[in-house]
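A.B. asks: Give me the fold of what follows.
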Amino acid sequence: MSTVRLLVGTRKGGFVLTADAKRQDWDVQGPFFAGWEIYHMIGSPVDPDRIYASQTSGWFGQVLQRSDDGGQTWTAVGNDFTYHGDVGEHLWYDGSKRPWEFTRIWHLEPSLHDAGTVYAGAQDAALFRSTDGAESWEELTGLRQHSTAASWQPGAGGLCLHTIVLSSGQPARIVVAISAAGVLRSDDGGQTWRPANRGLLSGGVLPDPDAEVGHCVHKIAMHPTTPDVLFMQKHWDVMRSDDGGDTWREVSGNLPSDFGFAIAVNSQEPETVYVVPITSDSQHFPPEGKLRVYRSRTGGDEWEPLTRGLPQAHCYVDVLRDAMSVDGMSPCGVYFGTTGGQVYASADGGDNWVAAVRDLPAVLSVEAQTLP
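C.D. replies: Here you go, the predicted structure:
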């Protein structure tokens, strides 16, 4: 019988939750690295025993951890995130220039084919790759040396590379999202890059409708069987691309707010998409204080609220960009964590929700895995 594992990163440590195929009763282990911010925890799709964690502290800096036994023990691995090549400068909030600086690893993305290969997205806006299980790292310098990079400007959370999308059927393709540069895509394994933002609008901030970069993208999701179909939660707007990011169109439809951070695609249904609307960019809580996941079964435009088991009054939590995930079971399990420390689980595609765990520190990331 299959097991589902949730890897949960929080402001004060990491947690591992496991349940059987019914996904009703959850065993909670942790905290691992208590007191540290765990920006992201994720398991290898090739080796079920391997887990990576990005461990960050304002006092002690960035540490990467690896487990080779499903989270029972951990080893600190390579942390040589040196920016190579022409360092140069990028725009700052006030329009001045600042040098590129390394702050932390926001997101880790293990290879779909090789247990030893993993990618890391950094602040400021760099992409790194390791081929030896995170023991050593190289920067894919073509990204930060793109001709538009000098005009990249940080979003409210910094100039962070927070999304890395890999495709099993197109192993040379890498799609990344950077706040607030936008989407860039490589079709040669990360050597060269091009912006993929046509159709994105950022009125008031970027009045030019044809702006090549500068859009504040919050998250991108893709179903593995349809690699050319990408879904995006932007600073404002939920967007869809049917050509691998070449062009985008808005699919916010009847959402109560098109601002949010998280987005996910049902593992069994490529046209079923989930978002968690947040009131606005200045009010980071659900509209009307009601925690609602919205589901579209048509790939956008038409959305339905999913509320059964979720608080529908006086709820003022946020759901961050890496804090939503799906498993590979049928029916699909959907999971998300909140800044209030709850991790909610649905074993039926979002129809019903239970709290897998409550009262954790603020949740930064949730990653689901289906294990044999």
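A.B. asks: Was I right to think Leu143 contacts Val176?
C.D. replies: Yes. Applying Cβ atoms under 8 Å, one finds Leu143 in contact with Val176, separated by 7.1 Å. Placement of C-beta: from N, CA and C, glycine included.
A.B. asks: Now for these two: what residues contact both?
C.D. replies: Applying Cβ atoms under 8 Å, 6 or more residues apart in numbering, one finds that Leu143 and Val176 are jointly contacted by 127, 184.
A.B. asks: and these two? which has more neighbours close in?
C.D. replies: The residue with more neighbours, out of Leu143 and Val176, is Val176; 28 against 24, by other Cβ atoms under 10 Å.
A.B. asks: which of the residues in stretch 358-372 are buried?
C.D. replies: Neighbour-count burial for stretch 358-372, counted by 16 or more other Cβ atoms under 10 Å, picks out 360-370.
A.B. asks: what number of residues lie near Asp243?
C.D. replies: With neighbours defined by other Cβ under 10 Å, the count for Asp243 comes to 12.
A.B. asks: So for it, what's the nearest residue that isn't a sequence neighbour?
C.D. replies: When the adjacent residues along the chain are set aside, Asp243 lies closest to Asp228, with 5.8 Å between them (Cβ to Cβ, 6 or more residues apart in numbering).
A.B. asks: Make sure that neighbour is indeed in a strand.
C.D. replies: No. Counting by DSSP: H, G, I helix; E, B strand; the rest coil, Asp228 falls outside a strand, being coil.
A.B. asks: where does this structure dip in pLDDT?
C.D. replies: 85-87, 204-207, 209 (pLDDT under 70).
A.B. asks: In this structure the residue nearest to Asp243 contacts Thr247, no?
C.D. replies: No. Under the criterion of Cβ under 8 Å, Asp228 lies out of contact with Thr247, with a separation of 11.1 Å.
A.B. asks: shared neighbours, these two?
C.D. replies: Common neighbours of Asp228 and Thr247, using Cβ under 8 Å, 6+ apart, are Ser241.
A.B. asks: Which residue, neighbours along the chain excluded, lies closest to the most centrally placed residue in the chain?
C.D. replies: Using Cα atoms, centre = their mean, the residue of the chain that lies closest to the mean C-alpha position is Asp322, 3.6 Å off. Using Cβ to Cβ, 6+ apart and skipping residues adjacent in sequence, the residue nearest Asp322 is Ser365, 3.8 Å away.
A.B. asks: and the one you found, that one's in a strand?
C.D. replies: Yes. Counting by three-state DSSP, Ser365 falls inside a strand.
A.B. asks: Surely it and Val343 touch.
C.D. replies: No. The pair formed by Ser365 and Val343 falls short of the contact definition of Cβ under 8 Å, at 10.8 Å.
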